[in-house]
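Colleague: any chance you can model this:
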Amino acid sequence: MKTMTKFSLFAALLAGATSPALAQTSSTTTTGTTTILQPVTIAQNNALAFGSIVRPTSGSSTITIGTGADTVTTTGSALVAGGIKSRARYTVSGEGAQVVSVTMPATFNLSKAGATDLPVTLTRNPAGNLTLSGTAGTTGTASLDVGGSFPITSTTVTGDYSGTFTVSVAYN
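Modeller: You can find the predicted model right below:
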């Protein structure tokens with residue numbers, strides 16, 4: 001009897017091992033989304049202009065235009081003699097309420113043939129990211145102001161200096 005029970009148990013196990021396994025399936029539904037934004041743009045309202053500067057009679061001076069006003073200041077004995085003076089001003093436009101990052105160099109050079117470049121250190125306001133006015137679905141704007149400063153000496157070559165720098169904006 002013991003042998004028969006062992007045989008029946010063995011036969012049952014063997015029958016179970018040869019029967020097909022049951023397949024299991026599972027599924028889920030996934031949602032896809034997107035947000036369409038207006039292109040972000042930047043427009044220059046004013047160029048960076050330091051005006052006409054009388055170099056110092058001796059030593060060195062620093063010429064500065066801030067981001068808060070179109071006023072040029074000097075240290076040392078250099079003088080502001082007139083001419084067009086303005087901080088660089090920009091209007092950034094795009095999808096309302098969006099955050100925009102600004103990329104620009106920390107410095108650029110004002111150059112004149114036959115003279116040593118004048119390295120301009122740039123500052124901007126606001127210093128961080130911009131948040132466009134308005135709400136999603138409307139056009140928003142933000143202002144960006146850029147000022148700068150550079151050193152001159154009593155031996156800086158006289159004449160017209162110029163240079164360029166690029167300001168870029170992108171959605172975060």
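Colleague: I figured Gly159 was touching Ala115, is that so?
Modeller: Yes - Gly159 sits in contact with Ala115 when judged by CB atoms under 8 Å, with a separation of 6.8 Å. C-beta here means a position set from N, CA and C on the backbone, and glycine is covered the same way.
Colleague: settle it for me: which of these two has more neighbours?
Modeller: When neighbours are counted by other CB atoms under 10 Å, Ala115 comes out ahead of the other of Gly159 and Ala115, with 13 against 9.
Colleague: show me what contacts the more buried one?
Modeller: With contacts taken as CB atoms under 8 Å, 6 or more residues apart in numbering, Ala115 has the following neighbours: 156-157, 159, 161.
Colleague: roughly how far does it sit from Thr156?
Modeller: Ala115 sits 7 Å away from Thr156, taking CB to CB, to the nearest Å as the criterion.
Colleague: going through the contacts of Ala115, which ones are buried?
Modeller: Buried positions within the contacts of Ala115, assessed by neighbour count (16 or more other CB atoms under 10 Å), are 156, 161.
Colleague: for the contacts of Ala115, give me TSV that also has secondary structure, pLDDT and distance to Phe108.
Modeller: Formatted as TSV, these follow (DSSP: H, G, I helix; E, B strand; the rest coil; pLDDT from 0 to 100; distance: CB to CB, whole Å):
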residue	secondary structure	pLDDT	distance to Phe108
Thr156	coil	98	17
Val157	coil	98	18
Gly159	coil	98	18
Tyr161	coil	98	11
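Colleague: look at the closest residue to Thr156 other than its chain neighbours and report its pLDDT.
Modeller: Closest residue in space to Thr156, ignoring its immediate chain neighbours: Arg55 at 5.1 Å, by CB to CB, 6 or more residues apart in numbering. We have a pLDDT of 98 for Arg55.
Colleague: swap in Phe7?
Modeller: According to the prediction, Phe7 has pLDDT 52.
Colleague: same question for Met1.
Modeller: Residue-level pLDDT assigned to Met1 equals 48.
Colleague: distance of the residue nearest to Thr156 from Thr64?
Modeller: From Arg55 over to Thr64 (counting by CB to CB), the distance is 15 Å.
Colleague: same thing with Val120?
Modeller: For Val120, the distance to Thr64 under the criterion CB to CB works out to 10 Å.
Colleague: only alpha carbons, please: show the longest strand seen in the chain as PDB.
Modeller: Using DSSP state E to assign secondary structure, the strand with the most residues in the chain is strand 139-153. What follows is the C-alpha trace of strand 139-153 in PDB, where atoms were taken according to Å, rounded to 0.1, in the frame of the first residue of the first chain:
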ATOM      1  CA  THR A 139       2.300  87.100 -24.400                       C
ATOM      2  CA  GLY A 140       4.500  88.100 -21.500                       C
ATOM      3  CA  THR A 141       7.500  90.400 -21.300                       C
ATOM      4  CA  ALA A 142      10.400  91.200 -19.100                       C
ATOM      5  CA  SER A 143      13.100  93.900 -19.200                       C
ATOM      6  CA  LEU A 144      16.800  93.300 -19.000                       C
ATOM      7  CA  ASP A 145      19.400  96.000 -18.400                       C
ATOM      8  CA  VAL A 146      23.200  95.600 -18.900                       C
ATOM      9  CA  GLY A 147      25.900  98.000 -17.700                       C
ATOM     10  CA  GLY A 148      29.600  97.800 -17.500                       C
ATOM     11  CA  SER A 149      32.900  99.300 -16.500                       C
ATOM     12  CA  PHE A 150      36.500  99.500 -17.900                       C
ATOM     13  CA  PRO A 151      39.800 101.000 -16.900                       C
ATOM     14  CA  ILE A 152      41.700 103.600 -18.800                       C
ATOM     15  CA  THR A 153      45.100 105.300 -18.100                       C
END
